[in-house]
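J.: Give me a model of this one.
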Amino acid sequence: MARYKTIDRNPRLIAVNLQEQLVPGTFEHALDHLLDHEIDLSAFDARFSNDECGASAYPPAVLLKIILFSYSRGIVSSRAIERACREQVTLIALSGDSAPHFTTVAAFVSSLGDEIVRIFTQVLAICDAQGLIGREMFAIDGVKLPSNASKLRSGTRKDFLRQAGKLEAAARTMIERHRDNDTRPTEPGLDEKAAASIERMHQRASQIRRWLADHPEDRKGPKGTIRMSNRTDNESAKMATAKGVIQGYTGVAAVDGSHQIIVEAQAHGTGSEAELLVPFVKDLKPALHKETLITADAGYHSEENLKELEAIEVGALIADNQMRQRDERLAGQERYRDLPDPLHDKSGKQKKTRGCFRPADFHYDPVAGTCICPAGKQLYQNGRRCHIKGLEAVKFRGAKRDCMKCPLRKQCLRHPETTPARQVAFFVNKSADNPQSVVARMRRRIDSPEGRALYGRRFATVEPVFGNIRHNKRLNRFTLRGRKKVDAQWKLFCLVHNIEKLAKNGYPKAG
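T.: All right, here's what the predicted structure looks like:
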């Protein structure tokens, strides 16, 4: 009969050299050397007044090592970090076998504030000294991540007032119904259930009323438009993504094209990327050289942004929504597009049908001043130098005798049963068509062979960075509330990426 070795799982003490767990060339070795020898953490000393009395505190370097290494392994929860400090040998080595309580870890991350900006800047200086920042191109992009806030508690003040009124009305109805049934036999325990339900409704209504009293105005956008507030985290935003609507923040990053170092990182509570570009570039400008090129996708494109970038003398290539349609290299790209994910596709099974004829379906001759409809009939001009939304336009209208009996009437008119004739307008001196406009100049530049080659580097520069953070590191949500705290956590995410780049490029150098 075969004999096998006995496997003994009885408890025993194993001698482990903690320093040998930090192998040169690894992320943890670079992190340990960086925080012990390169980064100035003296700013944290002001937090403590325990020079002569009071308990000793955990060194900030140790807490940062624990947090950044845990983030690099996809561990974000403070309770999970505390457990890992007791179980993972690498974390035991980094922390010197100290296991901070999860409340200590959570409080440290929440209170980083301005200190994380100084740490981020110092790490960038080290990356620059290692020759990892080329400053030829900075690719800007953003990623929308959910945060510790409920999207069910989003709305305007008007929405919240209506919710509070409904709750109070429902509570009154239940009370009246309960009084009507006082004389009738009821199910045992029904009185207690009804009382508890009414109490919950009053509490929820009171919470909404208190929130409204503390926030007397709606959130406003940069142009004064009303934005949805959130009773959980009023600085977060309700944002549409490819996989549904989330309540969270947009993490914006500028990535250097040389070694994919993140040179600037910010988190904002808005889903509008266009409004973030100019303030972000102004914060980034100290890191720019005269020849540095900024690239961004169509989400950041607007005429105001292009004008502002020219005013502050920043070279940029920013795509517009029609750039891919104008690129002959991408002809026929639709047939290669992935089918929608049935688990996340919100469009429904019915494919949207094409609407009425658009102005592009009409043949407009600006020289002759004529317009021919899709049915081949000539429209007559009934408005010249009209102004629509601040833009100059030329208007045409079809003749009733032609439109009333036209076989294409249902395709041309939105309400063919009531509208007698079709009207169409063509804008003149529109910014995209004006050869002297900033939009037209950007189009010419990005459509040139040189512009296409430069802009083509953007995708390979910035997208792998977000893929590394979200997929490889599993840092796919914020766990804090408030823009300042979320911004600090986003910088921690980006620090993990930058330190990993340092480690892969041989930091620290031997000797």
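
J.: So, low pLDDT: which residues of the stretch 401-511 of the chain?
T.: Scanning the stretch 401-511 of the chain for pLDDT under 70 picks out 429-435, 510-511.

J.: According to the record, where do the domains of the protein fall?
T.: 18-45+57-111, 137-147+238-329+436-487, 157-217, 359-427 (automatic domain parsing).

J.: Poorly predicted segments of the chain, please.
T.: Those would be 181-190, 334, 336-355, 389-390, 429-435, 510-511, if you go by pLDDT under 70 across the chain.

J.: how close does the closest residue in space to Ser72 that isn't next to it in sequence get to Gly467?
T.: Using Cβ to Cβ, 6 or more residues apart in numbering and skipping residues adjacent in sequence, the residue nearest Ser72 is Val496, 4.9 Å away. The C-beta positions use only the backbone N, C-alpha and C, and glycine is treated the same way. Val496 is 14 Å from Gly467, where distance means Cβ to Cβ, to the nearest Å.

J.: When those two are compared, which one has more neighbours?
T.: Using other Cβ atoms under 10 Å as the criterion, Val496 and Gly467 rank with Val496 on top: 24 against 12.

J.: Verify the assumption that that one is located in a strand.
T.: No. The assignment for Val496, made by DSSP: H, G, I helix; E, B strand; the rest coil, is helix rather than a strand.

J.: Tell me if I'm right that it and Lys473 touch.
T.: Yes. Between Val496 and Lys473 there is a contact under Cβ atoms under 8 Å: 6.2 Å.

J.: pull the longest strand from the chain.
T.: strand 244-256 (DSSP state E).

J.: As PDB, could you dump the C-alpha coordinates of that one?
T.: Coordinates of each C-alpha in strand 244-256 appear next as PDB, following Å, rounded to 0.1, in the frame of the first residue of the first chain:
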ATOM      1  CA  GLY A 244     -26.400  53.200 -16.600                       C
ATOM      2  CA  VAL A 245     -26.800  56.200 -14.400                       C
ATOM      3  CA  ILE A 246     -24.500  56.600 -11.300                       C
ATOM      4  CA  GLN A 247     -24.200  59.100  -8.500                       C
ATOM      5  CA  GLY A 248     -20.600  60.000  -8.200                       C
ATOM      6  CA  TYR A 249     -17.600  62.100  -9.400                       C
ATOM      7  CA  THR A 250     -15.600  62.600 -12.500                       C
ATOM      8  CA  GLY A 251     -11.900  61.800 -12.000                       C
ATOM      9  CA  VAL A 252      -9.900  63.900 -14.500                       C
ATOM     10  CA  ALA A 253      -6.200  63.200 -15.300                       C
ATOM     11  CA  ALA A 254      -3.500  64.600 -17.500                       C
ATOM     12  CA  VAL A 255      -1.100  61.900 -18.700                       C
ATOM     13  CA  ASP A 256       2.300  62.500 -20.200                       C
END
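
J.: Can you list the buried residues in that strand?
T.: Ile246, Gln247, Gly248, Tyr249, Thr250, Gly251, Val252, Ala253, Ala254, Val255, Asp256 (16 or more other Cβ atoms under 10 Å).

J.: Please apply the same query to stretch 45-56.
T.: Buried-residue list, stretch 45-56, by 16+ other Cβ under 10 Å: empty.

J.: Alpha carbons of that stretch, in PDB - could you do that?
T.: Written as PDB, here are the backbone C-alpha positions of stretch 45-56 (Å, rounded to 0.1, in the frame of the first residue of the first chain):
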ATOM      1  CA  ASP A  45       3.600  67.000  12.400                       C
ATOM      2  CA  ALA A  46       1.300  70.000  12.900                       C
ATOM      3  CA  ARG A  47      -1.600  67.600  13.500                       C
ATOM      4  CA  PHE A  48      -0.200  66.400  16.800                       C
ATOM      5  CA  SER A  49       0.500  68.000  20.100                       C
ATOM      6  CA  ASN A  50       1.800  64.900  22.000                       C
ATOM      7  CA  ASP A  51       5.400  66.000  22.500                       C
ATOM      8  CA  GLU A  52       5.200  65.700  26.300                       C
ATOM      9  CA  CYS A  53       1.900  64.000  27.000                       C
ATOM     10  CA  GLY A  54      -0.600  61.900  25.200                       C
ATOM     11  CA  ALA A  55      -0.400  58.600  23.300                       C
ATOM     12  CA  SER A  56       2.100  58.200  20.500                       C
END
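
J.: ranges for the helices of the stretch 1-150 of the chain?
T.: 27-33, 60-72, 78-87, 89-95, 102-110, 114-129 (DSSP state H, counting those that start in this stretch).

J.: that older thread, determine the set of other helices and strands touching the longest strand of the chain.
T.: Under the contact definition 3 or more Cβ pairs under 8 Å, 6 or more residues apart in numbering; DSSP states H and E, strand 244-256 sits against strand 137-146, strand 237-241, strand 262-268, helix 274-284, helix 449-467, helix 483-504.

J.: what about it, distance to the chain center?
T.: How far strand 244-256 lies from its chain's middle: 2 Å, per Cα atoms, centre = their mean, to the nearest Å.

J.: hmm, back to that, quick one: closest of the domains of the chain to Phe120.
T.: Ranking these by proximity to Phe120 (Cβ to Cβ) places domain 137-147+238-329+436-487 first, at 7.1 Å.
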